[in-house]
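Q: got a structure for you, letters missing:
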């Protein structure tokens, strides 16, 4: 299993969730061909929308590659997508995970993450989700 970081605005990533897919680098096939079913995905959203959205600079989605191969996309003519299961998470600000993300490489839009670093970021997502959930009630005494 490998870990991939895709740079995608939050609104575009939400379209992927609804359609069950991810795209990379505006529909290029080569990055998607490097993925394997079962690989983990983290989506970093520099903005809320593309183009012209508000700055966000956070990991906003996590998921798993489910498709065996890239497939033609109906979103971008001539582009490709890869089937994936994604879920939106509470944004994890880049400032909080800077030690685990090679920020100088974000401009490339698609990169493989070191497993230890990726798991550290995924751990932050789990911790944030647990913090949001109300505590379980204490069993009453009868």
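A: Thanks, I have the structure now. Keep in mind that what you see is a predicted model, and the values were worked out from it rather than measured.
Q: Any idea what residue 61 is bridged to?
A: Residue 61 forms beta bridges with residue 43, residue 88, as assigned by DSSP bridges.
Q: burial measure for it, as a count.
A: Residues near residue 61, counting by other C-beta atoms under 10 Å, number 24. To be clear about C-beta, it is placed using only N, CA and C from the backbone, and glycine gets the same treatment.
Q: And residue 38, by the same measure?
A: 10.
Q: quick one: secondary structure of it?
A: Classification of residue 38 using DSSP: H, G, I helix; E, B strand; the rest coil returns coil.
Q: isn't it right next to residue 4, touching?
A: No - look at residue 38 against residue 4 with C-beta atoms under 8 Å: they stay out of range, at 11.7 Å.
Q: Give me the common contacts of those two.
A: Residues touching both residue 38 and residue 4 (C-beta atoms under 8 Å, 6 or more residues apart in numbering): residue 65.
Q: can you give me the helices for this protein?
A: Along the chain, the segments classed as helices by DSSP state H run 10-19, 29-33, 94-97, 115-132.
Q: Name the stretch from these that approaches residue 43 most closely.
A: With C-beta to C-beta as the criterion, residue 43 lies closest to helix 10-19 of those, at 5.0 Å.
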